[in-house]
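Trainee: make a model of this:
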Amino acid sequence: MKYICYILTIGVFIYIGCSSSDITSVNDIVFPATKVSFKAQVEPLFTLACNGCHTTGSSTVLTSWIGARATNVVNQPGDTTCGLLQVVYGRMLHPGPISINDNHRQGLKQWVIEGAQDN
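Mentor: Below is the predicted model of the structure:
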């Protein structure tokens, strides 16, 4: 019984150590060509690249899926003219630098095209 507890404890530590919360840099986030996930790609990107400014109290809150789906961000799934894509592609004025790459831009666009789901 004692050994089973040790094995389970080690298993838990290994599982925790390999979680997706280990993403610490925007460069660690790579969007797939299709089936973009809010939880796996979009949310971590917003957390690392956007939430320095876009947190509770700002005019555009990107700390949650609900905030990302707000008016002027992604108000209609599939709308590639939404505010989010206008900003990340440099078509709409943004007061600060946006630290994302072309993979992130295309991934965000694909997420919107796929319905901007909370997945």
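Trainee: quick one: the helices in this protein, in order.
Mentor: Along the chain, the stretches classed as helices by DSSP state H are 2-17, 43-45, 65-68, 83-88, 102-113.
Trainee: check which helices and strands the last one is in contact with.
Mentor: To tie it back to what came earlier, the one meant is helix 102-113. Helix 102-113 sits against helix 43-45, helix 83-88, with contacts defined as 3 or more C-beta pairs under 8 Å, 6 or more residues apart in numbering; DSSP states H and E. In short, each C-beta sits where N, CA and C put it, glycine included.
Trainee: adding distance to Pro97, mean neighbour count and mean pLDDT, write these out as TSV.
Mentor: TSV is the format used below for these (distance: least, C-beta to C-beta, whole Å; neighbours: other C-beta atoms under 10 Å; pLDDT from 0 to 100):
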stretch	distance to Pro97	mean neighbour count	mean pLDDT
helix 43-45	15	22	95
helix 83-88	12	20	93
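Trainee: now these in TSV, with distance to Ala116?
Mentor: Shown next, in TSV, are these (distance: least, C-beta to C-beta, whole Å):
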stretch	distance to Ala116
helix 43-45	12
helix 83-88	9
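Trainee: if we can go back for a sec, which one of the helices of the chain has the lowest average pLDDT?
Mentor: Lowest mean pLDDT of these: helix 2-17, a mean of 41.
Trainee: could you measure from the nearest residue to Val42 once chain neighbours are set aside over to Gly57?
Mentor: Closest residue in space to Val42, ignoring its immediate chain neighbours: Trp111 at 5.5 Å, by C-beta to C-beta, 6 or more residues apart in numbering. Using C-beta to C-beta, to the nearest Å, Trp111 is found at 25 Å from Gly57.
Trainee: so those two - more neighbours on which side?
Mentor: Set side by side, Trp111 and Gly57 show more neighbours around Trp111, with 25 against 6, by other C-beta atoms under 10 Å.
Trainee: the more buried one and Leu45 touch, don't they?
Mentor: No: counting by C-beta atoms under 8 Å, Trp111 sits too far from Leu45 to count as a contact (9.8 Å).
Trainee: residues contacting Ile100?
Mentor: Ile100 is in contact with 26, 45, 49, 88, counting by C-beta atoms under 8 Å, 6 or more residues apart in numbering.
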